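Participant: Return a 3D structure for these sequence lines:
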Amino acid sequence: MCGSFQVLRETLADAETLAASVSLSCAPEACTGVLKPPRRAALLRAEGAQVTLTDRAWGLASPAGPQLIINARAESAAQKPLFRAGMAKHRIAIPAACFHERTPRGALMSFRRSEEPTLYLAGLLGLLQGEERFVILTRAANPSVAPVHARMPVLLPPDSLHAWFFEPERVPALLLAEPGPLSCSPVSASPAQPELPGFFTP
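Facilitator: Numbers count the residues shown, from 1 in each chain. Sure thing, here's the model as predicted:
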């Protein structure tokens with residue numbers, strides 16, 4: 001489960017170069033740092049034939065209880081009623097400097113790619129009480145992440161973003177493509193807890 005990620009000002013600057021327009025409702029300091037649900041985060045989305053950098057809050061309501069759903073399994077999201085419309089028409093990419101996963105003992109680990117300072121996490125939009133919000137799509141962990149956690153975010157190479165937004169026939173292949181190697185390092189002073197309480201992946 002991806003329960004947090006980090007965004008730097010440089011991350012937002014990289015994302016801006018890929019957008020035809022920028023429409024952020026939050027100040028840069030409000031959507032940078034280590035982001036956890038239900039914080040707002042910057043994201044890229046298609047609007048008509050263009051890509052816009054905007055922001056939304058993280059997490060959808062669960063039909064089964066009060067918890068927020070923060071991730072969706074890429075393998076089954078298109079078949080689930082909660083995510084079907086988002087997968088079909090509201091795919092997004094969340095820029096991040098790194099993402100975090102916890103070991104079974106609760107240590108928080110950071111994953112990044114040194115040759116690509118900005119990662120693009122695949123996600124989708126849904127509605128919570130009429131408000132658009134996002135979840136992050138996850139997949140089976142690649143060899144870099146597997147020693148820490150069984151799942152990881154779907155990572156989109158920058159040169160695949162046009163296909164992710166505008167070529168739905170290529171989406172299944174993008175979801176299945178295994179990400180390249182990532183570097184892993186511990187996050188200092190992380191409290192030991194197995195997962196974030198109150199959040200889950202259906």
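Participant: could you point out where the chain is predicted with low confidence?
Facilitator: Residue ranges of the chain with pLDDT under 70: 189-202.
Participant: 50 - rerun?
Facilitator: 190-200 (pLDDT under 50).
Participant: Helices along the protein, start to end?
Facilitator: Ranges of helices within the chain are 9-16, 81-89, 161-166, 171-176, based on DSSP state H.
Participant: Which of those sits closest to residue 138?
Facilitator: Closest to residue 138 of the helices of the chain is helix 171-176 (C-beta to C-beta; 10.3 Å). (Each C-beta comes from the backbone N, C-alpha and C, glycine too.)
Participant: gap between the closest one and the chain center?
Facilitator: 15 Å (C-alpha atoms, centre = their mean, to the nearest Å).
Participant: Buried ones in it, by neighbour count?
Facilitator: 171, 174, 175 (16 or more other C-beta atoms under 10 Å).
Participant: Quickly note the distance from the closest residue to residue 181 other than its chain neighbours to residue 100.
Facilitator: Leaving aside its chain neighbours, residue 181 sits nearest to residue 144 (5.3 Å; criterion: C-beta to C-beta, 6 or more residues apart in numbering). Residue 144 sits 14 Å away from residue 100, going by C-beta to C-beta, to the nearest Å.
Participant: Which residues are in contact with each of those two?
Facilitator: residue 111 (C-beta atoms under 8 Å, 6 or more residues apart in numbering).
Participant: So those two - more neighbours on which side?
Facilitator: residue 100 (21 against 16; other C-beta atoms under 10 Å).
Participant: Quick one: residues contacting the more buried one.
Facilitator: 2, 3, 4, 5, 6, 34, 108, 109, 110, 111, 187.
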